[in-house]
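*Asks:* Kindly return the folded structure for what I paste below:
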Amino acid sequence: TTSGTIANIEALWVARRLHPEKSVAFSADAHYTHARMCEVLGIATRKVPTEASGRMDVSALKRALRDGNVGTVVATAGTTGQGMVDPIADIAAACQEAGVRLHVDGAYGGFYAILKDSDVLGVETRRNLKAISLADSVVVDPHKHGLQPYGCGAVLFANPAVGKLYKHDSPYTYFTSDKLHLGEISLECSRAGAAAGALWMTLKLLPLTPDG
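*Replies:* Got it, this is the predicted structure:
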């Protein structure tokens, strides 16, 4: 995608398609993107209090999930204000128990997951970065800690079947190939490939390795 914000709106759009009548919950310290984009998409929101550390309060989240009105929970891997990683492992367990989707906003700190087996990070942070693998969707933004100076973002879905939600007929655009086109499985449709090419070149020159 062209940015982490657009990547998050993709994930929230899929969340709305899958649970059209339900709200999206995120912490009081989550990026303002989620409240803004939920308003654009017409999704009700529920703000979950944070602990003194600035991480989502899991007990408060569990209380918010009791009435069954939440369809998706957004956990943050690296808050913009304090760089805190939400207790994603515990949030994932709560989501699984309640039968709701989990989206991880790793636009700011998601790239630090490469250090999930390193002593550079604390045990709890490593545990929660590993738990990103339990999410239904995750956003990363190379424009932050991916060393990419251009606008660039990505959203990954655990279940590729969500691609069917984007299905539309546009033969005048995709008639040149029978293969699935990126414009058929994203909201942005056409976009320049320069940022993706620049990211590829950046990572070839400066590979993302645990030792830097």
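
*Asks:* average pLDDT for the lengthiest helix in the chain?
*Replies:* Longest helix of the chain, by residue count under DSSP state H: helix 4-18. Averaging pLDDT along helix 4-18 yields 96.

*Asks:* Mind listing what's buried along it?
*Replies:* Within helix 4-18, the residues that count as buried by 16 or more other Cβ atoms under 10 Å are 4-16. Placement of C-beta: from N, CA and C, glycine included.

*Asks:* for stretch 52-68, same thing?
*Replies:* G54, R55, M56, D57, V58, A60, L61, K62, A64, L65.

*Asks:* out of those residues, which one sits closest to G99?
*Replies:* The closest of the buried residues of stretch 52-68 to G99 turns out to be L65 (Cβ to Cβ; 9.1 Å).

*Asks:* Hmm, V100 and that closest one touching each other?
*Replies:* Yes. Between L65 and V100 a contact is recorded at 6.5 Å, counting by Cβ atoms under 8 Å.

*Asks:* any common contacting residues for those two?
*Replies:* V73 (Cβ atoms under 8 Å, 6 or more residues apart in numbering).

*Asks:* P149 is in contact with L206, correct?
*Replies:* No. Because the distance of 11.6 Å does not satisfy Cβ under 8 Å, L206 is recorded as not touching P149.

*Asks:* got TSV for the buried residues of helix 4-18, with distance to C95 too?
*Replies:* Shown next, in TSV, are the buried residues of helix 4-18 (distance: Cβ to Cβ, whole Å):
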residue	distance to C95
G4	22
T5	23
I6	24
A7	20
N8	17
I9	20
E10	19
A11	14
L12	16
W13	19
V14	15
A15	12
R16	17
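
*Asks:* Give the phi and psi angles for A75, as a check.
*Replies:* When read as degrees, to the nearest 10, the backbone of A75 gives phi -110, psi 150.

*Asks:* And for it, the neighbour number?
*Replies:* 32 (other Cβ atoms under 10 Å).

*Asks:* Measure how far stretch 150-160 is from the centre of its chain, please.
*Replies:* Centre-to-centre, stretch 150-160 and its host chain are 8 Å apart (Cα atoms, centre = their mean, to the nearest Å).

*Asks:* Identify the residues contacting it?
*Replies:* Against stretch 150-160 from outside (Cβ under 8 Å, 6+ apart): 1-8, 10-11, 14, 107, 135-143, 146, 163, 194-196, 198-199.

*Asks:* Just the buried ones from these, in PyMOL syntax?
*Replies:* Listed next is the PyMOL selection for buried residues among those, using 16+ other Cβ under 10 Å:
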select buried, resi 1+3+4+5+6+7+8+10+11+14+107+135+136+137+138+139+140+141+142+143+146+195+196+199
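
*Asks:* Provide the backbone phi and psi angles at Y32.
*Replies:* Backbone geometry at Y32, expressed as degrees, to the nearest 10, gives phi -60, psi -20.

*Asks:* any idea how far it lies from Y112?
*Replies:* 21 Å (Cβ to Cβ, to the nearest Å).

*Asks:* higher neighbour count, these two?
*Replies:* Shown here are Y32 and Y112; by other Cβ under 10 Å, Y112 has more neighbours (20 against 9).

*Asks:* My guess is the more buried one contacts L129. True?
*Replies:* Yes. Judged on Cβ under 8 Å, Y112 makes contact with L129 at a distance of 6.5 Å.
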